[in-house]
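# Whatever this is, show me its structure:
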Amino acid sequence: MPKPISRADVAHVARLARLRLTDDELDQFTPQLAAVLAHAADVEALDVTGVIPTAHPLPLRNVVRVDVVRPSIDRAAVLAAAPNVQDGQFRVPSILAEES
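From the prediction side, this is the model:
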């Protein structure tokens, strides 16, 4: 049986996911995540001998149209209308910068 998840484990996972959790949220989410992991352990313990693996319970069919290359807007015209371009690409503000 795996060790129970701790408040510190939840805080670590939250930091990896770039979530800022309050102490109250850590207190709330720790038992909830522990329950989810316990359920996953219960599912993992099931005897599925003879059960045919499946990725989806219903038959799937492709509903996407055939990909056909067609004329598009001129690349130079699009880049000319962009507020900031660098090396022939859109330049946008960084949203994943490391925190100091």
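
# how much space between the residue positioned nearest the centre of the chain and A35?
By C-alpha atoms, centre = their mean, the chain has its centre lying nearest to A17, at 9.4 Å. Taking C-beta to C-beta, to the nearest Å as the measure, A17 and A35 are separated by 19 Å. The C-beta positions use only the backbone N, C-alpha and C, and glycine is treated the same way.

# So the residue nearest to the centre of the chain versus V10, what's the distance?
Using C-beta to C-beta, one gets 11 Å for the distance from A17 to V10.

# Now do the same contact list for A80.
If you count contacts by C-beta atoms under 8 Å, 6 or more residues apart in numbering, A80 has none.

# Quick one: classify R15 as helix, strand or coil.
Put simply, R15 is helix when judged by DSSP: H, G, I helix; E, B strand; the rest coil.

# and it, how many neighbours does it have?
As a burial measure, R15 scores 12 neighbours (other C-beta atoms under 10 Å).

# For stretch 44-64, the averaged confidence score.
The average pLDDT for stretch 44-64 rounds to 87.

# Now do it: distance from first to last residue.
34 Å (C-alpha to C-alpha, to the nearest Å).

# From the contact counts, what lies against the helix ranked longest in the chain?
In terms of residue count, the longest helix belonging to the chain (DSSP state H) is helix 23-44. On a contact count with 3 or more C-beta pairs under 8 Å, 6 or more residues apart in numbering; DSSP states H and E, helix 23-44 meets helix 7-16.
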